[in-house]
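>>> Got a predicted structure here, sequence first:
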Amino acid sequence: MSAPKSIRLSVNGQPVEVPSGTSVAVAVAQATSVFRRSRHGQPRAPLCGMGMCFECRVNIDGRAHVRACMTPARDGMQVRSDD
Amino acid sequence: MTETRHIVIVGAGPAGLAAARAATSHGARVSVIDAQPAAGGQVWRHDVAHASKRAARVAIAALERVEWLAGHTVIAATGQTLLVESRDGAFDIGYDALILATGARELLLPFPGWTLPGVTGAGGLQALAKQGWPLAGKRVIVAGSGPLLLASAASLRAHGAQVLGVYEQASRHAVTTFAARLWRWPQRAVQALALRTRLASVPYRCASHVRAALGDDRLEAVEIVSPHGVTRIACNYLAIGYGLVPNTGLAELLGCALQVGPTHPAVQVDALGRTSVANVYAAGEIGGIGGLACARIEGTIAGHMAAGDSETAAACLPRRARARRFATALAHTFTLDPRLHALATPDTIVCRCEDVTLADLAAAGDGRGARLATRCGMGACQGRICGSALTELGHASPRGVRLPLFPARLDTLASTSTTTFP
């Protein structure tokens, strides 16, 4: 395997660095434990880890409701957790 | 007419990969679709920190000879055509034969505190760990039911977590009786032994379940009920799952008949992988939870069948029968304790997408009325989580299969030439 490269992205305006190959969920976890707020304002974070529950959905580069656990982190991504 | 048969396989887990290998061996043109960014499904999920198992690498190599559509989600289906969406847009893909290898999801049951950040599925936290989720030194409780708990605990430990204990709801008698029968499946006995060895210092408690997760903005502790009473344990994560349920959505949309009997829907499949719909085959968990060995042999059978070679497919039948017998024994061992059905209190949220509590549902009545009044099951997950939970709890499921199968972008819905959305 090649040496792991670092990916730099931004989560809620905060710079985050993660190893290559990790998901956006992992990057968000570096910055906050709140991925979204429920209808009644409760904090939520990934539950199923495999794209079924949609609890990890965030805004990536302006696109809303993207499942962070299904999306590989890429350099320069602007991620906003949905709080 | 000499045009090559086009076989489309949905799902690149063990079943789909085995199907791809079998189908390409006949020279068929094969496309494999999976919503995940990498192949392997859940059991062979790509791990950023550890190299894949050899069996997984060999199986995944089958994709070298197919059109491999990673990160593609099937949104709709009609008349031998699927509407598929990716990051870059949407398109239709037609098929001569279709193999459904859509796998399973975890059965997650509601209990007080289960919506707190830090509470995840058992396979859920394992999947996150493999994505690189930071677990080093974290205190983790693994709970629920089934062999997945041991696999998850071992995996979490390999990612640096401090696994405080594994809490299995089944009785010690059920688990030891099952373990004593394992000699009939020597490979499984070896796997079980290896897992136990890797988890040597981790307590494994039977007849125990988590009744509540505690914390303000995130998980701080859990309450565990065991034959010795109630214990409170401080932890960072609770990885909890009660087994698996088949992903039948696409099959239902295609009109495939479901099995009569099981609590959770599974697709009706004959021993040769045929569903009730012509040219549509199914393999693995979708036809009833059977685990890795079932998935692999059924994928192989479906791949040969879809390519028109029923003779080679039939030669695999004894292996399939053996794998399915193991699955039956497994299901029997880990039957859920009825006490688990009573964990949710009236103010426990059942539908996480729409914040619907058990009391809200009770007030609205069951079924369609409840759905309209409360929006239970109408949120982003489309009832995938609460639908299975409510089915398990004996309520009418709010989950009805409808289009789009997964939330899709408006431009995708607009682009389809084949499907009319209600």
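Yep, it's here.

>>> When you work out contacts or count neighbours from here on, use the C-alpha atoms and nothing else.
Fine.

>>> Residue B:292: what secondary structure?
helix (DSSP: H, G, I helix; E, B strand; the rest coil).

>>> Not counting sequence-adjacent ones, nearest residue to it?
Nearest residue to residue B:292, sequence neighbours excluded (CA to CA, 6 or more residues apart in numbering or on different chains): residue B:14, at 6.8 Å.

>>> Point out the residues in chain B that sit beside chain A.
Within chain B, the residues that sit near chain A (CA under 8 Å from any CA of the partner chain) are B:35-37, B:42, B:48, B:105-106, B:115-121, B:123-128, B:131-134, B:217-218, B:352-355, B:380-381, B:384-385.

>>> Pull out the buried members of those.
Among these, those buried by neighbour count (16 or more other CA atoms under 10 Å in any protein chain shown) are B:35-37, B:42, B:48, B:105-106, B:115-121, B:123-128, B:131-134, B:218, B:352-355, B:380-381, B:384-385.

>>> pLDDT on whichever strand or helix holds residue B:387, on average?
Assigned by DSSP states H and E, residue B:387 falls within helix B:384-392. Helix B:384-392 shows a mean pLDDT of 93 in the predicted model.

>>> Give the residue spans of the chain that score low on pLDDT.
Unless you meant another one, I'm taking chain A. For chain A, the stretches with pLDDT under 70 are A:1-4, A:83.

>>> Correction: the question concerned chain B.
Where chain B drops to pLDDT under 70, the residues are B:1-3, B:366-367, B:398-400, B:415-422.

>>> Near chain B, which residues of chain A? Just list them.
Neighbours of chain B within chain A, by CA under 8 Å from any CA: A:21-23, A:25-26, A:29, A:33-34, A:38-40, A:43-50, A:52-55, A:69-72.

>>> could you redo the last one with a cut-off of 6 Å?
Contacts of chain A with chain B, taken as CA under 6 Å from any CA of the partner chain, map to A:21-23, A:26, A:44-45, A:47-49, A:53-54, A:70.

>>> Out of those residues, list just those in strands.
Among those, the residues falling in strands (DSSP state E) are residue A:44.

>>> Of the residues of chain A next to chain B, which is the nearest to residue B:362?
Nearest to residue B:362 out of the residues of chain A next to chain B is residue A:53 (CA to CA; 23.0 Å).

>>> The closest one reaches residue B:381, doesn't it?
Yes: under the criterion of CA atoms under 6 Å, residue A:53 makes contact with residue B:381 at 5.2 Å.

>>> And the residue of the stretch 151-300 of chain B closest to chain A?
Residue nearest to chain A within the stretch 151-300 of chain B (CA to the nearest CA): residue B:217, separated by 6.5 Å.

>>> Confirm that residue sits in a strand?
No: counting by three-state DSSP, residue B:217 is not part of a strand but coil.

>>> Return the backbone torsion pair for it.
Per-residue torsions, residue B:217: phi -100, psi -10 (degrees, to the nearest 10).

>>> Quick check, the residue in the stretch 301-422 of chain B closest to chain A?
Chain A sits closest to residue B:381 of the stretch 301-422 of chain B, with a gap of 5.2 Å, by CA to the nearest CA.

>>> what helix or strand is that residue on?
Going by DSSP H and E, residue B:381 is not in any helix or strand.

>>> Which secondary structure state does the nearest residue to residue B:114 once chain neighbours are set aside sit in?
Using CA to CA, 6+ apart and skipping the chain neighbours, the partner closest in space to residue B:114 is residue B:213 (6.1 Å). Per three-state DSSP, the secondary structure class of residue B:213 is strand.

>>> Give me the distance between residue B:213 and residue A:38.
From residue B:213 across to residue A:38, the span is 18 Å (CA to CA, to the nearest Å).
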